[in-house]
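Q: Okay, sequence plus prediction incoming.
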Amino acid sequence: MDKKATDVVQLDIREQSVIADYFIICTGSNPRQIQAIANAIEDRLGELQVWTRGYEGNADTGWMLLDCGDVIVHIFGPMEREFYRLERLWSNAPSVVYVQ
């Protein structure tokens, strides 16, 4: 199972919001990959002894959110990513990292 997310962007939202410092937004090609990406992130954070505060959504809906405190990770399916377009919603936030 390929756990590599595509179209990864990190937005610095510190000046726009108090809910977090950064959003990480990425795409998984299908529900299995979305779940695998979320699991890989949680596993790696566990290795670093950083725990997620919780999550929203599920892979079958095409969207998962991992609340990592100062960082919130959004994992979308392709259609959901296009529909919600968080990068446009948070267009005033500088993009810190972008990986296709």
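A: Yes, it's here.

Q: what's near enough to touch I37?
A: By CB atoms under 8 Å, 6 or more residues apart in numbering, I37 lies in contact with 3-5, 26, 28, 75. Heads up, the C-betas are built off the backbone N, CA and C, glycines and all.

Q: Kindly report the same for A5.
A: With CB under 8 Å, 6+ apart, A5 has these contacts: 26-28, 37, 75.

Q: Can I get the buried part of those as one ChimeraX selection?
A: In ChimeraX, a selection of the buried entries from the contacts of A5 looks like this (16 or more other CB atoms under 10 Å):
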select :26,27,28,37,75
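
Q: where exactly do the strands run in the chain?
A: For the chain, the strands defined by DSSP state E cover 6-12, 22-27, 54-58, 63-67, 71-76, 95-99.

Q: between those strands, which one is nearest to E47?
A: When those are compared by CB to CB, strand 63-67 sits nearest E47, at 15.2 Å.

Q: so what does the closest one touch, helix or strand wise?
A: Counting contacts by 3 or more CB pairs under 8 Å, 6 or more residues apart in numbering; DSSP states H and E, strand 63-67 packs against helix 31-47, strand 54-58, strand 71-76.

Q: if we compare the ones you listed, which one ends up closest to A20?
A: strand 71-76 (4.7 Å).

Q: May I have the strands that pair with the closest one, each with its orientation?
A: If you go by DSSP bridges, strand 71-76 pairs up with strand 22-27 (parallel), strand 63-67 (antiparallel).

Q: how about the ones you listed in a markdown table, adding distance to T52?
A: Listed next are the strands paired with strand 71-76 as a markdown table, based on distance: least, CB to CB, whole Å:
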| stretch | distance to T52 |
| --- | --- |
| strand 22-27 | 13 |
| strand 63-67 | 5 |
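
Q: Packed most tightly, which of the ones you listed would that be?
A: Highest mean neighbour count among those (mean count of other CB atoms under 10 Å): strand 22-27, with a mean of 21.
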